[in-house]
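Q: give me a model of this one.
(one chain, ligands or ions: 2)
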Amino acid sequence: MAKTALHRPNGLGSAPLLASLAELLRAWLPRQRWFAGKGRPVTDLSLVSTTELYPGCLHLLVRTEHSGPPAHSGPGAPPPDDCYQLLLGVRDALPPRLTHAAIGRASKGPLTNLIVYDALHDPRAARLLLERLRRPGTTGPLRFERDKRVAVPAGLAPRLLDAEQSNSSLVYGDSFILKIFRRVQPGINPDLEVPWALARQGCTRVPAPAAWFRTSRPQEATLGVLQPFLREAADGWTLALESLSSGRGFTDEAYELGRATAEVHVALAAAFPVDAPSPPQNRRLASAMSERLDAAARAVPELRPYASGLRTAFDALAALDTAVRPAQRIHGDLHLGQVLRAGQQWSVIDFEGEPARPLAERRRLQSPVRDVAGMLRSFDYAARSRHPWRPEWAERCREAYCAGYAAEAQWDPREEPELLRAYETDRAVYEVLYEARHRPDWLPVPMAAVGRLAERCSRTLTPPAPNPSRGG
Ligand SMILES: Nc1ncnc2c1ncn2[C@@H]1O[C@H](COP(=O)(O)OP(=O)(O)O)[C@@H](O)[C@H]1O
Ligand SMILES: O=P(O)(O)O[C@H]1O[C@H](CO)[C@@H](O[C@H]2O[C@H](CO)[C@@H](O)[C@H](O)[C@H]2O)[C@H](O)[C@H]1O
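A: Ligands and ions are numbered 1, 2, ... in the order given. Below is the predicted model of the structure:
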């Protein structure tokens, strides 16, 4: 472990430290999967907070500023600056098992000649982080808290998950998983707020937070959440692809998934009661979707030829004068990668919402149909990502999912075809933007749906048979 200026009382001064780190981080940050400012060079870096967790391991909140226009403007546009959470290790030399985690050798400031690396790859740092979570208290601006009813054993072996993620997660002894939020925004993160509220509601579909850490300076923000690791579970995306490759059906699973989604929605409505339901907001919703489409079409030229066709879905929603489902707290980014199946039980994870949107927007009340639309899009994603394309597979899953949802929720998402179609279109537009920014090779997948949705002016799904008990 490096004996460095970090050990000196003034060694953590942010100006000298920044001199050591700025150049390294400016090159390293944009290469990270979780970096949100893709395509916009980092022009300036500043340290929002610096905490020495233990000698040679720094917890940083780093603000980045970007040049050039954001990838898109209008609602949901990325802010001109972002704040990222980093755990950095500093050593004289890296052992071979850590070379892949290197960020670079500092050539200036107090860390001159030392190697800086991403300490989440370092089992020692990961163990100490868990120890810190097991013993509530504060370190500088960082506050570590836990649910005292949950026993978290000492000494669990850590491993960093190598999943494609918007954040970073450490799995401890296959018993717990710690998600470390990378892009930090002020306020409570819904991925702590929602599972905590659902657990208090007795909902068993969502792993309950066991411990978490947050910062109070310069503003309150959630930094990480520890929850039970569902060790026998496979995620819905993997299972859907297996079904597509083996020819085995997926409708039973889709039906159960619909039931699970409805159960979570019912629990969410109870956990976050709404005082007075707001009047129908179809026109406002349609106009927000339309603005998002405009912004996405500015950023992704491939979308432009389809914009007017897609807009018919939003026009149809705006023209509706009937009440849509009351708004409530929802998942906000529901897709097959956010559901885990262990035995016969589906669980739902990752209540952060769409990572590109501001936190306040993600915590807003919204129609549960939005989540349903997210999952329906995901069946299409799975079917489209495999050759040959099997549209009937996705269609059967969609119908089964909606039927399962209706059986549990006592209302059927297919009863509101205009709303469903508008949300599916809005989601496909989001996916185009997401893939263009993060995984350009995947762009054809949502683009295929865009072509289909732009052409379709009729109903998205077969309406259900009238339900006499509901007077329909
Ligand atoms: N409680 C859990 N049990 C088992 N695996 C989990 C659990 N939570 C997350 N995972 C795994 O970690 C991956 C990333 O988690 P997620 O919350 O979706 O992170 P991100 O928001 O960074 O995408 C998931 O796709 C899943 O495979
Ligand atoms: O990182 P998150 O899981 O929060 O979500 C983001 O990344 C997802 C991809 O990893 C992206 O989902 C899209 O691809 C999935 C397959 O990889 C598919 O199941 C989804 O239906 C599709 O939207 C998601 O949109 C994005 O927010």
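Q: the closest residue to Ala267 other than its chain neighbours in helix, strand or coil?
A: With sequence-adjacent residues excluded and distances taken as C-beta to C-beta, 6 or more residues apart in numbering, Ala267 is closest to Cys203, at 3.8 Å. Quick note: C-beta positions are derived from backbone N, CA and C, even for glycine. The three-state label given to Cys203 by DSSP: H, G, I helix; E, B strand; the rest coil is coil.
Q: give me the neighbour count for Cys203.
A: Using other C-beta atoms under 10 Å, the number of residues around Cys203 comes to 20.
Q: and what of Arg149?
A: Around Arg149 there are 7 other residues, counting by other C-beta under 10 Å.
Q: one more: the one 5 residues further on?
A: Close neighbours of Ala154, defined as other C-beta under 10 Å, add up to 9.
Q: measure it to Tyr54 for me?
A: 16 Å (C-beta to C-beta, to the nearest Å).
Q: how about Tyr434?
A: Distance, Tyr434 to Tyr54, using C-beta to C-beta: 37 Å.
Q: same check, this time on Ala276
A: Noted for Ala276: a distance of 51 Å to Tyr54, by C-beta to C-beta.
Q: what do you get for Leu61?
A: From Leu61 over to Tyr54 the distance is 18 Å, taken as C-beta to C-beta.
Q: neighbour count: these two, which is higher?
A: Legend: neighbour count by other C-beta under 10 Å for Leu61 and Tyr54, higher for Leu61 (22 against 15).
Q: surely that one meets Ser49?
A: Yes - at 4.5 Å, Leu61 and Ser49 qualify as touching, with contact defined as C-beta atoms under 8 Å.
Q: shared neighbours of these two, anything?
A: Both Leu61 and Ser49 are contacted by Thr215, under the criterion C-beta atoms under 8 Å, 6 or more residues apart in numbering.
Q: which parts of stretch 49-57 are buried?
A: Buried positions in stretch 49-57, judged by neighbour count with 16 or more other C-beta atoms under 10 Å: 49-51, 53, 56-57.
Q: quick check: the farthest pair among those?
A: Greatest spatial distance among the buried residues of stretch 49-57 (C-beta to C-beta): Ser49 and Gly56, at 18.1 Å.
Q: low-confidence stretches in this structure?
A: With pLDDT under 70 as the threshold, the chain has low-confidence stretches at 1-13, 38, 68-80, 277-280, 323, 457-472.
Q: domain map for it?
A: Taking automatic domain parsing as the criterion, the chain consists of the domains 4-121, 129-228, 234-459.
Q: give me the longest strand you can find in this protein.
A: Under DSSP state E, the strand in the chain containing the largest number of residues is strand 42-54.
Q: who does it pair up with?
A: Within its sheet, strand 42-54 is paired with strand 57-66 (antiparallel), according to DSSP bridges.
Q: got the angle between the following helix or strand past the strand it pairs with and strand 57-66?
A: Downstream of strand 57-66, the next assigned helix or strand under DSSP states H and E is strand 81-91. Calculated by axes from the mean of the first three to the mean of the last three C-alpha atoms, to 10 degrees, strand 81-91 forms an angle of 150 degrees with strand 57-66.
Q: just the CA coordinates of strand 81-91, formatted as PDB?
A: As requested, C-alpha coordinates have been extracted for strand 81-91 and formatted as PDB (Å, rounded to 0.1, in the frame of the first residue of the first chain):
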ATOM      1  CA  ASP A  81     -22.700  18.600 -15.800                       C
ATOM      2  CA  ASP A  82     -22.900  15.300 -14.000                       C
ATOM      3  CA  CYS A  83     -21.700  13.900 -10.700                       C
ATOM      4  CA  TYR A  84     -20.100  10.500 -10.500                       C
ATOM      5  CA  GLN A  85     -19.200   8.300  -7.500                       C
ATOM      6  CA  LEU A  86     -15.700   6.700  -7.600                       C
ATOM      7  CA  LEU A  87     -13.800   4.500  -5.200                       C
ATOM      8  CA  LEU A  88     -10.100   4.900  -6.100                       C
ATOM      9  CA  GLY A  89      -7.200   2.900  -4.900                       C
ATOM     10  CA  VAL A  90      -3.600   4.200  -4.900                       C
ATOM     11  CA  ARG A  91      -0.500   2.000  -5.000                       C
END
